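> coordinates only, sequence not included:
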């Protein structure tokens, strides 16, 4: 099996990417026409990669499970995209963005990759503006920035609360242009169900046409998997309903190592679960924490009265409220990083102070912000001795201008008016930093198979900073992969067209068909969702925000048991040769049931707390930091890359040691 | 505010595939939480159907937060149902009364052929975009600096408002003529308002309108229904702007 | 790009529909103005009617343009409606159009066809009568001015409105015309791309005023002559 060679170029960090580009192999334009590339996924990374590769001259086949490439879940990103443009003249630089990203990732990412990301970030903005992406502008007509995620500069470009949508539609337009030119052949409503390996190289994929059920073989000289993250292993997450690990998992099972599966970002400000009918969770932008104060009641009798509907949160006096983030983290207060805020909410709710019927919600209160803004506004408008009602009115207007769309979204979902009564929020699974292991060229441990965007593990370490996911997706798709893939494809110019009649294709196709037939023939009694919900509950309870040895060990056994039950008692109505959403879900949940176990195993093995991974047995003891996450740089300063053996429980761990030559490792403190 | 439970009867269009004939089928539902979303209510129905060994109702959906544009459904005679400014996935059951009968149909238009049950093929939208819904710039990153060309805030904001279209097709579904003018004009407007898009404005509007006509959408009769039903509030201003752009283009173009 | 001629595209056709609509709006206004004269003064009405009826420019240039405009507006309207119906073969079982649009905007074809039927009667009543008078019986000499009765118009007009059924049909038709105009006036501006945050609300008000005042005025004229003569 392959060894972990990260292929980081030599030289000083700021020259690595330039030198690398200067030294890698190129493919002559005439030869590019002879080369086919398959790109799976049409989000920021996949859409951008497919468009760029087609522009360069390759023949691209692009796949997505949605009906149109415009619907990939990158579209749901709200806040913005970071870029080291330093337009605000506040001292930003490539180095600072690099530093913030590595630190934010709790020192578990690869320096060279992150530096490259910071380096190309500025090109992304130029590129997107040229494509007609309508970023927010100031009155002088220049691009506006906002600050985000607790960094010290304003480097986040945004398009109201729909930055992801605008960037994705930009990539989609570039992709559409190439489809129109015939350079990209688009396969919508197609799902990749396996990768085909010929002579040790990725040579194509097996895909299912989701409308007709046809199992198809597609060949290519390289395969790019840009299929997003696996947050849906938790059943409830902010991911789209269709988001899945299948493509990534299939390449893992054919030889691609899976890195750091336990690194999951749990976002603190989501709308809480309201009942068992819930199918997904909705994120409320992190920006709300700039003005909202988070609290639960101090007295248990108040909590109970609220749950029974006898008391309203607005009736609880200030001294009876526990602003627990302000209490525990006086320096950062409500603006602590995502992982810290999430854990603190869980701690209060576990102690019984959750404020809704499920006991899993805390308040995010805008009362003081409304009062503060209202008073300010009254002063500006020269209103003397404004009444309380007037202050309220003025303050609400300011809040509405800043967060109107979020408040409206909250209202539509909960039917509660957040201007009058505090919002209820609770953490939810949002992003997975772990993913397919890739080298500096974004190639997996399967030659010719690449992973880009959230699907790979590369840039965010153990925790992702706000507004960095969009940056990474587009950087991989537009500016990294199109160059680095040439280094590999330069050796493929003599390969010629690859036939799908090769025995390897036939075997892979049969494997897929057999698996579908097997699933259809279980003819048990339980629906796919039944198993998915159970898996999600185990993941959330035992592999969620706080993890311990006992819970993780139990989780592995329980997931295995659910998996066994799945394969013996699943019921899929309908047929395999037609549109069958239950069959689609079944295939995805089957993979989640394997990934979940590896996820728990990885969490069990990593006996430190870092970023989104919090181990209850690795915390600060004594002193001011008592109980806070404790990283272990001596034993765990590495990437855990897992090799598939046929069973998640026996997966083999490979370690890629992380070197920090440019950044000093420090413990994070928010006290 | 408080969660309630209602009994409803669903009348749902069931159709096995594109070729089969379809029909409306009644499904009584008991004790549906008013806190659940419309699609969560359908999830419940489907869970029941699976448990009974029947085929669940196929419907398109993905992000369930109103941005991907995948969900559709014509509910009680309106695209995305009776609420305003929301997609079907954001529609909640509290909009309905106990005992109510709810009719659920697919988005109907010849340009959106039906695939199964409530699932339709909206590929015609993609083909329209492929004819010009882009700026012909390569993704090299070697373009000029993003701030080299200031854009008046009002133009940038208007372009953004047009660009928020999610391509769901509610405009087509609700239009009595199944016209795609709101969708097409949103993209034409966005790019016509920005200096980067102006370069190709003439060809873009002609090509996109041509493709729109080829796909078999109806003509715009300015009823304004699309604007009302659009979950993103895309304005009729865009249709007027496209008409203007078209007039300009057809006079200028040789 | 010339293969996408303006008459061949949906947007182009709507622009032409709007332009012919504008033309008819102007025509209707002058028609109304002249008819109002019949209420105020028989002499003035006769003078203007005679001018309109025998001026060569009006008769041989403007009249064909008008007829073309009417026919174009009708034919194009029918054709577009045909296309529109074809765009959705399978209809909805339940369609709540009232939730998002006005009845007028959804039923232009109905109001349009009603106006068309009325035009049949109207042409028979007045236009065919004029043609017979001038070209079939009167002959070319009537254009010289000496051989014709220049005061017949007010009298002929009043005669038409003696029959109560004709008056009722006329009045009903004007109601349909009003409904047609309530949407058509402002819709024409939208179709040619004239939309502006300041002026569009004004146009809408003007359109409503036009759509109510003009047909109401015609109704008034019909009733006036019915009851006064």
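Okay, I see it. Remember, predicted model here, so these are calculated numbers, not experimental data.
> Check which residues of the lowest-mean-pLDDT helix or strand in chain C are buried.
Of all helical and strand segments in chain C, the minimum by mean pLDDT, DSSP states H and E falls on helix C:128-131, at a mean of 84. For helix C:128-131, a neighbour-count test (16 or more other CB atoms under 10 Å in any protein chain shown) marks residue C:130 as buried. Quick note: C-beta positions are derived from backbone N, CA and C, even for glycine.
> Okay, buried residues for the next helix or strand after it please.
For helix C:128-131, the following helix or strand on the C-terminal side (DSSP states H and E) is helix C:152-160. Within helix C:152-160, the residues that count as buried by 16+ other CB under 10 Å are C:153, C:154, C:157, C:158, C:160.
> Could you chop the chain up by domain?
In the absence of a named chain, chain A is used. A:268-429, A:506-638 (automatic domain parsing).
> sorry, should have said chain B
Using automatic domain parsing, the domains assigned to chain B come out as B:5-105, B:122-252.
> right, so those domains: which one is the most enclosed?
Highest mean neighbour count of these: domain B:122-252, a mean of 22 (counted as mean count of other CB atoms under 10 Å in any protein chain shown).
> Where does the prediction get shaky in chain C?
Low-confidence segments of chain C (pLDDT under 70): C:1-4, C:138-147.
> for the chain, which spans come out with low pLDDT?
Went with chain A since none was named. A:1-3, A:149-150.
> Let me rephrase: I mean chain B.
Looking along chain B with the criterion set at pLDDT under 70, you get B:1, B:254.
> Let me see the ranges of the strands in it.
Ranges of strands within chain B are B:5-14, B:23-33, B:74-75, B:78-79, B:101-105, B:114-116, B:119-120, based on DSSP state E.
> which residues touch the fourth one?
Strand B:78-79 is contacted from outside by B:72, B:73, B:107, B:170, B:171, B:173, B:174, B:229, C:96, C:99, C:100, using CB atoms under 8 Å, 6 or more residues apart in numbering or on different chains.
> So which residue is dead centre in chain B?
By CA atoms, centre = their mean, chain B has its centre lying nearest to residue B:168, at 2.1 Å.
> I'd like the distance between that one and chain A.
10 Å (CB to the nearest CB, to the nearest Å).
> what does residue C:75 give?
Taken as CB to the nearest CB, the span from residue C:75 to chain A is 35 Å.
> C-terminal to the host helix or strand of that residue, what's the next element?
Under the criterion of DSSP H and E, residue C:75 resides in helix C:63-86. On the C-terminal side of helix C:63-86, the closest following helix or strand by DSSP H and E is helix C:103-106.
> doesn't residue B:72 make contact with the residue nearest to the centre of chain B?
Yes. Applying CB atoms under 8 Å, one finds residue B:168 in contact with residue B:72, separated by 6.2 Å.
> Which neighbours do those two have in common?
Jointly contacting residue B:168 and residue B:72 under the rule CB under 8 Å, 6+ apart are residue B:80.
> Can you pull the phi and psi angles for residue 118?
This is for chain A. Dihedral pair for residue A:118: phi -60, psi -40, per degrees, to the nearest 10.
> you looked at the wrong chain, it should be chain C
phi -60, psi -40.
> I'd like to know how many residues surround the closest residue to it other than its chain neighbours.
The shortest distance from residue C:118 to any non-neighbouring residue, by CB to CB, 6 or more residues apart in numbering or on different chains, is to residue C:173 (3.5 Å). A count of neighbours around residue C:173, defined by other CB atoms under 10 Å in any protein chain shown, yields 23.
> Thanks a lot, catch you later.
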